[in-house]
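> This is the structure alone, sequence omitted:
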């Protein structure tokens, strides 16, 4: 355990050695958030009241923070593993007496530590903005834990795609663009038609990013149960896919 902490600490110190890069990274997230909000301001036009637009600001602050904190929208672990595969360095990691997934999680956390801090800040601001309309912090935390589980599952799946192809760019883009559309990262689910919202609540997609917001504003145990079941199922399936690919990688040397 302390080994993974030391790995994480090493990459944190490496990032802190280049403060200008960190500033530009945070600035990029702020610009993205600004343009997303500006887009929705144009879409809603005069139909949106000040309270509705304030709700949108709070929502996207939380959605952006949750997406980065859980690594759902960045998939840093899966991308790093596939990068190591392309460079032929993945086999070197397998020779070490450590768990590959945990090792790359430590790297991802260290390399993106400042982004995690900004994610916590964004999420806190979003919760503060929405606090005037009554919120459920326990519901938010419950769904955030589930979202972290989804992040682990999706990063494991992203890494497993490397066993199919080291780049796997086309397949990866198709899968994760679908997730971007249906998870609430760019389009809040409360703007979807009612029938679409009802159908999506039985799928895993909305609970990846929209879930913590839903738990914060309108927690329902039935929805939480659905989210939890899907999270457990996806982690089991993708971990078995990872383990199978790992055996093939060791045996054949893909």
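The structure has been received and is ready for your questions. It should be emphasised that the depicted structure is a prediction, and the values quoted were computed from it without experimental measurement.
> Show the model's pLDDT score for residue 102.
You'll see residue 102 listed with a pLDDT of 84.
> Residues touching the host helix or strand of it, excluding its own?
Taking DSSP states H and E as the definition, one finds residue 102 inside helix 100-111. Outside helix 100-111, the residues that touch it by Cβ atoms under 8 Å, 6 or more residues apart in numbering are 4-5, 7-12, 14-15, 71, 76-77, 80-81, 84, 90, 93-94, 96, 116, 155-156, 159, 242, 246. Every residue, glycine included, has its C-beta placed from N, CA and C.
> And it, what's buried?
Neighbour counts over helix 100-111 (16 or more other Cβ atoms under 10 Å) mark 100-101, 103-111 as buried.
> picking up where we left off before, the contacts of helix 100-111 in helices, which ones?
If you go by DSSP state H, these have 4-5, 7-12, 14-15, 76-77, 80-81, 84, 90, 93-94, 116, 155-156, 159, 242, 246 in helices.
> Give me the buried subset of these.
Neighbour-count burial (16+ other Cβ under 10 Å) applied to these gives 4, 7-8, 11, 15, 76-77, 80-81, 84, 90, 155-156, 159, 242, 246.
> ok, back up a step: format the buried residues of helix 100-111 as JSON lines; extra columns: distance to residue 221.
Formatted as JSON lines, the buried residues of helix 100-111 follow (distance: Cβ to Cβ, whole Å):
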{"residue": "100", "distance to residue 221": "36"}
{"residue": "101", "distance to residue 221": "31"}
{"residue": "103", "distance to residue 221": "37"}
{"residue": "104", "distance to residue 221": "34"}
{"residue": "105", "distance to residue 221": "30"}
{"residue": "106", "distance to residue 221": "34"}
{"residue": "107", "distance to residue 221": "37"}
{"residue": "108", "distance to residue 221": "32"}
{"residue": "109", "distance to residue 221": "31"}
{"residue": "110", "distance to residue 221": "36"}
{"residue": "111", "distance to residue 221": "37"}
